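Q: turn this into a structure:
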Amino acid sequence: MLSRRYTIVVADRTTGEVRRLTVSVKVVAAAAAFAFGLPLAMGVGARLSVSSEVAQLRATNQALGVENESFRAATGELTTQIAALQDVVTDLGRRAATDPTTAAAIRQLPALVRSQAMGGAASPMAAARTALSPALVSPESTFGVLRDLLGSLESRLRLVRGDVERWQALTRATPSIWPAVGWLTDRFGTRSDPFTGEPRHHGGLDISADRGQSVRATADGMISTASFSGDFGNLVVVEHEFGLTTRYAHLSRITVKAGDRVSRGDVVGLIGATGRASGPHLHYEVWANERPLNPLKLLTQSPQR
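A: The predicted model follows:
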């Protein structure tokens, strides 16, 4: 049947010319198949193209979701680090605060004593400038630099914490309160000896007060001596940090023993006149690295009653 041939007659009405076109069934079938198949092929191709694009979009969306989740986790981690650093900074600020009177006493200490409490932590802002100097070309690099920066700041804050702790220790060790309530009868320096009348160096302060009145430690420390000691009579010596020492002499009674830890304001004895004394009073001395200091320069706070 496909071998049959058909003739198509085309006539021109104006000239009367007749044209004949002979075609086979195969050609007609091929033309028909092409006419109907082309739109179908175009539709299938378009559908495949759309499916491919949709698949690519899904893959891109999935990758963005994973990346977004990664950034969300990194942001949460950085937020936690920042909050922790803020807590540390707040705590350090609170601990580093020193009342003006104690700060004034510390300024009177020898430079050698103060230098022992000074740290060498570099400025955290210097670390920030160093870490932020590279160009930030992507979110990944930004998160990486911020993470490194926070880690560096955390490390430097640990050094600052050490500085603050040393400063606190110096604050506690600085003899800054009056050891007794009374009248200042003799100062640090040269004076006339009350027994011989001859000029003699006086290594501390004499505070006259009623017998039995409390004598208090002027700073935190440990009792190294609590016994009778010749001209000093009943003597208490407190060893503080940073090479500082205080002495309390002529006590009528000692209320501590060697090895005890005392805090500023604790009672260490009672006013008396033991040893080489002309009457009830406290002889008080301050030493720094085995050298006497003028205690009056450090006594910025009123006596505790």
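Q: contacts and neighbour counts: CA atoms only from here.
A: OK.
Q: where's the residue nearest to P295 when sequence neighbours are not counted, which helix or strand?
A: Closest residue in space to P295, ignoring its immediate chain neighbours: V286 at 5.7 Å, by CA to CA, 6 or more residues apart in numbering. Assessed by DSSP states H and E, V286 sits inside strand 281-288.
Q: next, the residues that contact that strand from outside, please.
A: Applying CA atoms under 8 Å, 6 or more residues apart in numbering, the external contacts of strand 281-288 come out as 110, 113, 175, 179-180, 203-211, 215, 243-251, 271-273, 292-295.
Q: mean confidence score for stretch 111-125?
A: Averaged over stretch 111-125, pLDDT sits at 66.
Q: ok, stretch 245-259 next?
A: pLDDT averaged over stretch 245-259 gives 97.
Q: what ranges do the helices span in the chain?
A: Ranges of helices within the chain are 25-96, 100-107, 111-115, 124-131, 139-173, based on DSSP state H.
Q: distance of Q108 from L298?
A: 6 Å (CA to CA, to the nearest Å).
Q: so for the two, which sits in the more crowded spot?
A: Using other CA atoms under 10 Å as the criterion, Q108 and L298 rank with L298 on top: 24 against 15.
Q: residues contacting that one?
A: Per CA under 8 Å, 6+ apart, neighbours of L298: A104, A105, I106, Q108, L109, T174, P175, S176, I177.
Q: one more: S176?
A: T102, A105, T218, A219, L298, L299, T300, Q301.
Q: and the furthest pair within those?
A: The largest distance within the contacts of S176, taken as CA to CA, falls between A219 and T300 and amounts to 12.6 Å.
Q: wait, V236 sits on R253?
A: No. If you go by CA atoms under 8 Å, V236 and R253 don't touch, sitting 10.1 Å apart.
Q: ignoring the adjacent residues along the chain, who's closest to W287?
A: Counting by CA to CA, 6+ apart, the residue nearest W287 is T245, at 5.0 Å.
Q: beta partners of that neighbour?
A: Counting by DSSP bridges, T245 is bridged to E239, W287.
Q: before we move on, back to that, Throw the contacts of S176 into JSON lines and include pLDDT and distance to R13, thanks.
A: Shown next, in JSON lines, are those (pLDDT from 0 to 100; distance: CA to CA, whole Å):
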{"residue": "T102", "pLDDT": "77", "distance to R13": "126"}
{"residue": "A105", "pLDDT": "83", "distance to R13": "129"}
{"residue": "T218", "pLDDT": "95", "distance to R13": "135"}
{"residue": "A219", "pLDDT": "95", "distance to R13": "132"}
{"residue": "L298", "pLDDT": "90", "distance to R13": "134"}
{"residue": "L299", "pLDDT": "87", "distance to R13": "135"}
{"residue": "T300", "pLDDT": "71", "distance to R13": "132"}
{"residue": "Q301", "pLDDT": "58", "distance to R13": "132"}
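Q: make a ChimeraX selection of whichever of these turn out to be buried.
A: One line in ChimeraX is enough to select the buried ones among the contacts of S176; burial here means 16 or more other CA atoms under 10 Å:
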select :102,105,218,219,298,299,300
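Q: can you tell me which of the contacts of S176 are in strands?
A: In strands, judged by DSSP state E, none of the contacts of S176 are found.
Q: could you dump the contacts of S176 to TSV with distance to P199?
A: Below are those laid out as TSV (distance: CA to CA, whole Å):
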residue	distance to P199
T102	34
A105	29
T218	29
A219	31
L298	25
L299	26
T300	29
Q301	31
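Q: from the contacts of S176, pick the one nearest D163.
A: Closest to D163, out of all of those and judged by CA to CA, is T102, at 17.4 Å.
Q: and that closest one, what is it in contact with?
A: T171, T174, S176, T300, Q301.
Q: now render the residues you listed as CSV, adding distance to V262.
A: Below are these laid out as CSV (distance: CA to CA, whole Å):
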residue, distance to V262
T171, 15
T174, 13
S176, 15
T300, 20
Q301, 18
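Q: which stretches of the stretch 151-300 of the chain have low pLDDT?
A: 151-160, 191-198 (pLDDT under 70).
Q: how about a cut-off of 90?
A: Scanning the stretch 151-300 of the chain with the threshold set as pLDDT under 90 gives 151-169, 186-203, 278, 297, 299-300.
Q: coming back round to it: report the buried residues of the strand holding V286.
A: By neighbour count on 16+ other CA under 10 Å, the buried set for strand 281-288 is H281, L282, H283, Y284, E285, V286, W287, A288.
Q: all set, thanks.
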